[in-house]
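> model this:
(one chain, ligands or ions: 2)
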Amino acid sequence: MGLEELEKYAKEYNIPIMQKEGIDFMLEYIKKNNILTILEIGSAIGYSAIRMALLNPNIKIVTVERDIERYNEAVKNIKKFNLESQITIYNCDAFDLNLDEKFDFIFIDAAKAQYIKFFEKFKINLKDNGTILSDNLNFHGLTHTKEKIESRNVRQLVRKINNYIEFLKTNQEFITQFYDCGDGIAISKKKMK
Ligand code: SAH
Ligand code: MG
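Ligands and ions are numbered 1, 2, ... in the order given. You can find the predicted model right below:
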């Protein structure tokens, strides 16, 4: 059982795991900044959590997934990779997850329409010098398109992602850099007081 099998499974069952360019960028960032504690919102089948945990046996990850099938698959995968001591996974809605711990790194990769709410909820779980990474801000290129998007649902989602980008750009507490990498990544850090 290798990573390729997880990638194949994700493709087959249409599970939106982070793609190569984005994941490579994120793993590089984690290594470079000696990140050891990670909170992930949106585990899916555990792929990104496993990739992060494999970087270094001292890395500890807490991750949450609300979908029971994906959660079960993630639990299975974490076991197969022998990473139970490094990855703690919860099966609930992230909005019902209340943690006291503070993390070096928070990875927001769940429902795109809720990004502002995830950010506001979990920023208290970030260490002062920590980083929040948000994925999928390009939303397959749609957040920058000038053309009219036919689907009403997609249009609404694009508006919400653009609201989140605006929220980050104008945030008083955090300074954000945007990377046109993978499906669009933002790196937010607390401003120094
Ligand atoms: N980080 C994963 C991919 C996550 S896909 C990887 O790269 O491997 C996004 C996941 O977030 C989906 O499985 C979805 O069920 C989950 N999700 C969406 N909203 C959520 C919420 N409010 N609470 C918990 N999980 C959520
Ligand atoms: Mg994603």
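> for the chain, what are the low-confidence residue spans?
Scanning the chain for pLDDT under 70 picks out 1, 146.
> now do the strands in it.
Assigned by DSSP state E, the strands in the chain fall at 37-41, 60-64, 87-90, 103-108, 126-135, 174-179, 185-190.
> contact residues of the chain facing ligand 2?
109, 135, 136 (C-beta under 5 Å from the ion). (Glycine included, C-beta is placed from N, CA and C.)
> run the last query once more with 8 Å
Contact residues (C-beta under 8 Å from the ion) of the chain with ligand 2: 16, 17, 18, 22, 42, 109, 135, 136, 183.
> output these as TSV; include the columns neighbour count.
Listed next are those as TSV, based on neighbours: other C-beta atoms under 10 Å:
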residue	neighbour count
16	12
17	18
18	24
22	21
42	24
109	23
135	26
136	22
183	18
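> narrow the residues you listed to those in helices?
Among the residues of the chain next to ligand 2, the members found in helices (DSSP state H) are residue 22.
> including distance to residue 123, could the residues of the chain next to ligand 2 go into CSV?
Output for the residues of the chain next to ligand 2, formatted as CSV (distance: C-beta to C-beta, whole Å):
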residue, distance to residue 123
16, 24
17, 25
18, 22
22, 22
42, 17
109, 16
135, 17
136, 19
183, 22
